[in-house]
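Asker: Give me a 3D structure for the following:
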Amino acid sequence: MELLWMWTRVLGSLMLAEILWTLPIDEDHQLRPEDVELAEDYLRRFYSLNLRDRVHVAPVRRSRSVPAMEEKIREMQKFFGLRETGKLDSHTLDVMREPRCGVPDVDNFSFYPNEPKWNKYTITYTIARYTPDMRREDVEKSFHSALKLWSDAAPLRFIKVSHSKADIVFSFARRTHGDFFPFDGPRGVLAHAFQPGEGLGGDVHFDEDETWTAGRQGYSLFAVAAHELGHSLGLTHSRDPSSIMYPTYKHHSSAQYSLSTDDVLGIQTLYGKPNKKVETQPASKKCDPYFSFDAATMIDNEIVFFKDRCMWMRTIKATYWNRLTEGHSSTYLPGISSHMDAAYDIPAKGVAYIFTGRKYWVVQQLKTKSRSGSIYEYGFPSRVRQVDAAVHVSEYGKTVFFVGEFYYRYDESKKQMDPGFPRLIQKDWPGIPRSVDAAFKLHGSIFLLSGKKSYQYDVKQKRVVKIIPGNSWLGC
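Answerer: Numbers count the residues shown, from 1 in each chain. Model prediction:
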């Protein structure tokens with residue numbers, strides 16, 4: 001037995017060495033053996049990497065292992081909006097390390113063949129095992145809220161029962177727990193769910209090695225349950241970062257979670273529309289005193305504001321200053337399905353750049369999309385997952401990106417980040433809050449939108465010269 005174990009270890013070392021020899025890597029990134037193991041396991045679990053194709057000990061077959069690995073890496077990079085290099089660069093590995101759902105991202109997997117769905121509209125559920133991390137009533141409330149998201153969007157009714165024959169069974173477990181999909185300890189896979197059907201069908205399992213919570217610490221049970229229930233109802237993963245069905249965990253409070261348009265279209269494709277009107281992400285209440293923006297920029301002669309799936313265009317010509325056009329973003333930018341995180345324009349080029357998660361889009365006038373790319377082409381470190389706001393300062397040829405409490409400065413002519421960044425916003429932008437939601441430049445001033453307020457910042461004086469309600473730009 002001991003001899004067999006030693007031979008297995010030797011063979012495993014030979015195979016790992018073979019991977020390191022043949023695997024496509026980024027020349028600027030030092031690949032470690034644990035990186036290879038992570039990537040191989042990730043692609044096997046979530047992108048159907050065939051173990052027979054991942055690596056071959058025989059040197060004559062090396063040429064087959066590289067294309068197979070590259071293809072799966074590219075597939076994963078495309079899904080998450082990364083640069084499709086086919087190489088294990090630092091950004092790709094960082095995404096692989098993010099906490100996520102255990103259901104694969106590709107369509108051809110055994111969890112969901114033939115787009116299954118429940119053949120009824122009243123679905124029962126039960127909680128087989130609770131987590132000691134939370135009070136029982138908080139666990140039940142989290143599940144009830146998650147179920148309500150989907151019942152509000154489709155003609156579905158969920159009833160809690162006390163027996164194990166319920167359609168959907170919620171439970172918490174560690175490691176191997178009897179379904180052939182063992183959990184992996186803290187972080188990594190947080191939970192997984194099964195397609196509608198008999199037996200395990202519809203069931204949702206949560207990794208007890210995680211810290212579950214109803215608040216901001218640990219992992220939000222409501223948020224993870226909302227995602228997994230989408231699988232229980234028959235939905236697969238979405239490539240839209242704003243979607244509940246996006247595979248990686250998003251660190252937001254429970255109050256911020258709502259179904260995106262992509263989620264609503266998906267569930268209604270399976271079950272139809274509800275009897276009452278569905279509200280996706282609230283955007284139309286523009287005159288609410290706490291209204292805030294997602295992004296803003298100049299396109300042609302108009303200031304364009306974005307919020308969820310809505311956009312407003314304020315004409316700045318003197319004769320049309322009061323003209324305000326409102327519409328759905330898909331009407332004007334049909335090629336961009338995600339909500340807008342940030343945007344900036346370069347008037348001299350006649351283009352605008354719109355950021356959605358890890359991806360950016362180049363827009364020439366409205367309704368015209370020329371190309372897209374990864375935000376990491378700008379030189380952002382891998383820890384940056386999205387841009388909060390951006391503005392181009394043409395006098396200096398620089399573009400400023402706001403990310404959390406920090407800002408970066410990008411040189412458009414050199415196509416690289418300026419050295420010494422990121423820097424703290426509050427240190428270099430006196431009078432501006434700790435974070436910025438949107439920004440644009442108009443008549444020599446930079447307007448920074450944060451929360452419910454708009455700050456007019458004089459670049460030369462380096463100070464705030466005026467503060468107004470943010471939605472006053474929309475006539476409120």
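Asker: Phe194 - how many residues pack around it?
Answerer: Using other Cβ atoms under 10 Å, Phe194 has 24 neighbouring residues. C-beta: built from backbone N, CA, C; applies to glycine.
Asker: so what's it closest to, chain neighbours aside?
Answerer: Of all residues not flanking Phe194 in the chain, Leu200 sits nearest, at 4.8 Å (Cβ to Cβ, 6 or more residues apart in numbering).
Asker: for Gly201, same thing?
Answerer: Spatial nearest neighbour of Gly201, chain neighbours left out: Phe194 (5.5 Å); criterion: Cβ to Cβ, 6+ apart.
Asker: Who are the contact partners of that neighbour?
Answerer: Counting by Cβ atoms under 8 Å, 6 or more residues apart in numbering, Phe194 touches Phe111, Asp179, Leu200, Gly201, Gly202, Asp203, Val204, His231, Ser232.
Asker: What distance do you get for Ile73 to Phe79?
Answerer: Distance, Ile73 to Phe79, using Cβ to Cβ, to the nearest Å: 11 Å.
Asker: what is the mean pLDDT for stretch 217-235?
Answerer: The average pLDDT within stretch 217-235 is 92.
Asker: Kindly tell me how buried the closest residue to Phe291 other than its chain neighbours is, as a neighbour count.
Answerer: Spatial nearest neighbour of Phe291, chain neighbours left out: Asn471 (4.6 Å); criterion: Cβ to Cβ, 6+ apart. By the criterion of other Cβ under 10 Å, Asn471 has 24 neighbours.
Asker: and what of Met340?
Answerer: Met340: 26 surrounding residues under other Cβ under 10 Å.
Asker: how far away is it from Arg314?
Answerer: From Met340 to Arg314 the distance is 16 Å (Cβ to Cβ).
Asker: how about low-confidence regions in the stretch 251-400 of the chain?
Answerer: Counting by pLDDT under 70, the stretch 251-400 of the chain contains low-confidence ranges at 251-257, 276-284, 317-322, 334, 337, 366-370.
Asker: Kindly state the domain boundaries assigned to the protein.
Answerer: Split into domains by automatic domain parsing, the chain comes to 2-97, 122-271, 295-474.
Asker: and those as JSON lines, adding distance to Asp288?
Answerer: Formatted as JSON lines, the domains of the chain follow (distance: least, Cβ to Cβ, whole Å):
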{"stretch": "domain 2-97", "distance to Asp288": "31"}
{"stretch": "domain 122-271", "distance to Asp288": "15"}
{"stretch": "domain 295-474", "distance to Asp288": "8"}
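Asker: Compare Ile73 and Phe79 (neighbour count), which wins?
Answerer: For Ile73 versus Phe79, neighbours defined as other Cβ under 10 Å are more numerous around Ile73 (26 against 18).
Asker: from the contacts of Phe194, which ones fall inside strands?
Answerer: Judged by DSSP state E, strands contain the following of the contacts of Phe194: Val204.
Asker: Report the lowest-confidence entry in the contacts of Phe194.
Answerer: Confidence by pLDDT is poorest for Phe111 among these, given 44.
Asker: okay, the nearest residue to Ile468 once chain neighbours are set aside: pLDDT?
Answerer: Leaving aside its chain neighbours, Ile468 sits nearest to Ser454 (5.1 Å; criterion: Cβ to Cβ, 6+ apart). pLDDT, Ser454: 93.
Asker: Since that was my last question, I'll sign off now.
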